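Trainee: Show me how the following folds:
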Amino acid sequence: MSNIKIENIVSVAKICDALDVSLIYEKIPESSYNPEEFNGVSIKDDEKKTAAIILYNGKIVSTGAKTIEDSEKNLKKTIKKIKDIGFEIKKDCNIETENIIVSKDLKKEMHLSSISQALILQNIDYQPEKFPGLIFRPEDLCAVVILFNTGKIVCTGTKNVDDAACAVNMMEEKLSSIGVL
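Mentor: As a prediction, the model looks like this:
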């Protein structure tokens, strides 16, 4: 995987059409709920460093996992808790990976304005007055790759690790093509 590090995997399951999140909060002791800030219940798993967010529309979102398996386990564990307190769950609730965020450290300072000028018109956006990173959107992938001046690359928007690695590799190839790497 070319030394990429998985930072976060976001997965979603639609378990029913509606959920009473305040009741879920009352029945699951380890949950937290602050409706003034957000109309959803969260359950943190400190051991795995993940969280499940239970929404009133029947969706559950898992975040924080470093593997797809851990993300799916987090959702299944949360679904079981909701079922155990009496909610009816759809039999065909599929778990889908929505977003994988990866990073890579090039271990080299980057001069983003020079890189932006060298890569002009190559799906690159660099507006330092709005955002401190150089943004690359590969044509063939649903991904956003961000290069920071520290040499850190972050890729988001993919639904599998291979696409994320491919997007990061494409950014590295562009940097190599202009002699930066």
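Trainee: And for His111, nearest residue in space, chain neighbours not counted?
Mentor: Spatial nearest neighbour of His111, excluding adjacent residues (C-beta to C-beta, 6 or more residues apart in numbering): Asn149 at 7.2 Å. To be clear about C-beta, it is placed using only N, CA and C from the backbone, and glycine gets the same treatment.
Trainee: ok, that neighbour - contacts?
Mentor: By C-beta atoms under 8 Å, 6 or more residues apart in numbering, the residues touching Asn149 are 109-112, 132.
Trainee: Please indicate which of these are buried?
Mentor: Neighbour-count burial (16 or more other C-beta atoms under 10 Å) applied to these gives 110, 112.
Trainee: Give me the residues contacting stretch 97-104.
Mentor: Stretch 97-104 is contacted by residues 2-12, 61, 68, 71, 152-161, 163-165, 168 when judged by C-beta under 8 Å, 6+ apart.
Trainee: Flag every buried residue along it.
Mentor: 97, 100-104.
Trainee: Likewise for stretch 123-131?
Mentor: For stretch 123-131, by 16+ other C-beta under 10 Å, it's 124, 126.
Trainee: Span of it from start to end?
Mentor: The stretch stretch 123-131 measures 16 Å between its terminal residues, going by C-alpha to C-alpha, to the nearest Å.
Trainee: Show the average pLDDT along it.
Mentor: Stretch 123-131 carries an average pLDDT of 96.
Trainee: Contacts for that stretch next, please.
Mentor: Contacts for stretch 123-131 (C-beta under 8 Å, 6+ apart): 112-113, 115-116, 133-139.
Trainee: do stretch 22-37 as well
Mentor: So stretch 22-37 is contacted by 21, 40-44, 54, 81-82, 85-87 (C-beta under 8 Å, 6+ apart).
Trainee: The residue nearest to His111 and Glu173, how far apart?
Mentor: 20 Å (C-beta to C-beta, to the nearest Å).
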